[in-house]
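Student: A structural model of the following input is requested.
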Amino acid sequence: MNTPESTPLLPARLAGLVSRLPQWPPSAVLCAGLNLLFLPTLDQDTRQRLVGRIVSIEVSDAGLDGRIRLTAFGFLPAPRRAPEVTIRACAWDYYRLARRLEDPDTLFFSRRLTIDGDTELGLLVKNALDAIDWTRLTGRLGPVIERMRRLAERRGAGHRPNS
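Tutor: The predicted structure follows:
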């Protein structure tokens, strides 16, 4: 993916470590978050259109590929078969989307957010995710996200993170 120079990426050492981890745990964490924040916002029609469909949410600079599917029990990690749609961006862009600091259409048209595969399914997911109020994330997650933001900004400014 072509990422603009001004977009900070995860530090290479952190990205290298994260990319070697098994993909199931991040998929499970993603599912837990989606079940908490996303599932209650879905209307019945959207739920029916998502049931059983495998969606991959890739964090390009971290080498993460969270594959999920909606079931009768909520979102669960999906089997490791080909996803029907892949939504891809770097961690910084996902952070900016979640904090409503960036518009998904702007990222999409600048090719910083890509949708590969079933475009209709991808747009359904993108539009439904865009309706979530991610700013409700508080508690222990807030300081972690803030630390990641500072690391990403320093990386983007050409500074080396402290080891």
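Student: which one's the longest strand in the chain?
Tutor: strand 64-71 (DSSP state E).
Student: For it, which residues meet the burial criterion?
Tutor: L64, D65, G66, R67, I68, R69, L70 (16 or more other C-beta atoms under 10 Å). (Each C-beta comes from the backbone N, C-alpha and C, glycine too.)
Student: What segments of this protein are helices?
Tutor: 12-19, 24-33, 44-50, 91-98, 104-109, 119-130, 141-156 (DSSP state H).
Student: Report the helix or strand with the lowest average pLDDT across the chain.
Tutor: helix 141-156 (a mean of 64; mean pLDDT, DSSP states H and E).
Student: thinking again about what came up before, CA-only coordinates of the longest strand of the chain in CSV, if you can.
Tutor: C-alpha atoms of strand 64-71 as CSV (Å, rounded to 0.1, in the frame of the first residue of the first chain):
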residue,chain,number,x,y,z
LEU,A,64,-1.9,-8.1,11.5
ASP,A,65,-4.7,-9.9,9.7
GLY,A,66,-7.8,-10.1,11.9
ARG,A,67,-10.3,-12.4,10.2
ILE,A,68,-13.8,-12.3,11.6
ARG,A,69,-17.3,-13.4,10.8
LEU,A,70,-20.7,-12.7,12.3
THR,A,71,-22.5,-15.7,13.8
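Student: just how off-centre is it within its chain?
Tutor: Here strand 64-71 is found 10 Å from its chain centre; the criterion is C-alpha atoms, centre = their mean, to the nearest Å.
Student: Noted, bye for now.
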